[in-house]
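[1] all I have is the shape, not the residue letters:
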Ligand SMILES: O=C(CO)COP(=O)(O)O
């Protein structure tokens with residue numbers, strides 16, 4: 001399996017203001033001190049430009065993009081627009097967007113295609129609800145979600161996948177390590193089935209209540225290539241220890 005550097009990404013969701021560039025600067029200092037770890041921050045779109053200017057080695061990403069290049073889509077942003085603002089990749093298919101905006105797997109695949117066409121990266125999110133976990137079918141459900149959300153052009157290191165159990169997001173609950181390992185192994189098998197050898201080059205991140213106390217254990221699980229961190233990425237005090245915990 002390809003060994004890629006750990007990838008630790010903060011998803012700020014609908015949080016943060018221009019003054020929080022000081023948080024980014026602290027993270028940029030950590031990125032300079034840890035060139036062996038890839039570090040990203042996805043602020044709200046309003047902050048992409050100012051954050052990109054202060055990011056140093058921190059990769060600035062968006063939280064979503066529209067599948068179309070332009071047109072009558074009030075309130076939306078195209079891949080080229082977020083790239084022009086300073087983002088080099090975008091999160092797509094986050095469960096909050098799948099729930100709040102009704103995004104489907106096909107929508108997510110189209111967004112991934114748009115990002116790839118614009119020369120950008122994507123972090124494609126998948127994950128099961130609590131009912132789906134309790135049904136005992138989480139692996140079948142999440143691998144099917146990944147298969148249907150993968151774009152036709154999904155090969156190469158522009159793509160990462162984030163496994164984020166919906167019930168673990170913002171709850172302080174985390175799956176046991178064996179369940180994370182089993183899901184990541186199943187997602188890897190799906191990637192190889194769909195993409196061939198290129199499927200080994202796709203990093204699979206874990207997201208959902210990652211914090212300084214559990215990061216070392218989670219990041220040490222087989223085939224966990226990094227973390228997508230929500231709440232704990234908003235402050236340097238909680239995000240920097242997660243970076244420190246990443247294997248190198
Ligand atoms: O949704 C997440 C990252 O995209 C995870 O959020 P929390 O780390 O706040 O649980």
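    Perfect, I can see it now. If you're wondering where the values come from, they're calculated on a predicted model, not measured in any experiment. Numbers count the residues shown, from 1 in each chain.
[2] if you tally nearby residues, what's the number for the closest residue to the ligand within the chain?
    Nearest to the ligand, among the residues of the chain, is residue 230, at 2.2 Å (CB to the nearest ligand atom). Using the backbone N, CA and C atoms, a C-beta is placed for each residue, glycine as well. When counting by other CB atoms under 10 Å, one arrives at 20 neighbours for residue 230.
[3] for it, give its distance to residue 15.
    Remark: distance between residue 230 and residue 15 (CB to CB, to the nearest Å) = 9 Å.
[4] ok now do the residue of the chain closest to the ligand, which residues does it touch?
    10, 11, 13, 169, 170, 207 (CB atoms under 8 Å, 6 or more residues apart in numbering).
[5] which of those come close to the ligand?
    Restricting these to those near the ligand by CB under 6 Å from any ligand atom leaves 11, 169, 170, 207.
[6] chain center to the longest helix belonging to the chain: distance?
    Secondary structure of the chain per DSSP state H: the longest helix is helix 177-195. With CA atoms, centre = their mean, to the nearest Å as the basis, helix 177-195 stands 16 Å off its chain's centre.
[7] for it, packing partners?
    Helix 177-195 sits against helix 138-149, strand 159-163, strand 203-207, helix 215-219, with contacts defined as 3 or more CB pairs under 8 Å, 6 or more residues apart in numbering; DSSP states H and E.
[8] list the buried residues for it?
    180, 182, 183, 184, 186, 187, 188, 190, 191, 194, 195 (16 or more other CB atoms under 10 Å).
[9] let me have those in JSON lines, extended by pLDDT and distance to residue 24.
    Formatted as JSON lines, the buried residues of helix 177-195 follow (pLDDT from 0 to 100; distance: CB to CB, whole Å):
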{"residue": "180", "pLDDT": "98", "distance to residue 24": "29"}
{"residue": "182", "pLDDT": "98", "distance to residue 24": "35"}
{"residue": "183", "pLDDT": "98", "distance to residue 24": "31"}
{"residue": "184", "pLDDT": "98", "distance to residue 24": "29"}
{"residue": "186", "pLDDT": "98", "distance to residue 24": "35"}
{"residue": "187", "pLDDT": "98", "distance to residue 24": "30"}
{"residue": "188", "pLDDT": "97", "distance to residue 24": "32"}
{"residue": "190", "pLDDT": "96", "distance to residue 24": "34"}
{"residue": "191", "pLDDT": "95", "distance to residue 24": "31"}
{"residue": "194", "pLDDT": "91", "distance to residue 24": "35"}
{"residue": "195", "pLDDT": "89", "distance to residue 24": "33"}
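[10] need the contact list for residue 18.
    Contacts of residue 18 by CB under 8 Å, 6+ apart are 47, 50.
[11] this protein against the ligand: which residues are in contact?
    11, 94, 164, 169-170, 207-210, 228-232.
[12] which parts of the protein are strands?
    For the chain, the strands defined by DSSP state E cover 7-11, 38-42, 59-62, 89-92, 121-126, 159-163, 203-207, 226-229.
[13] residue 145 is nearest to which of the ones you listed?
    Closest approach to residue 145 among the strands of the chain (CB to CB): strand 121-126, 4.5 Å.
[14] which non-adjacent residue is nearest residue 184?
    Using CB to CB, 6 or more residues apart in numbering and skipping the chain neighbours, the partner closest in space to residue 184 is residue 223 (4.3 Å).
[15] no further queries at this time; thank you.
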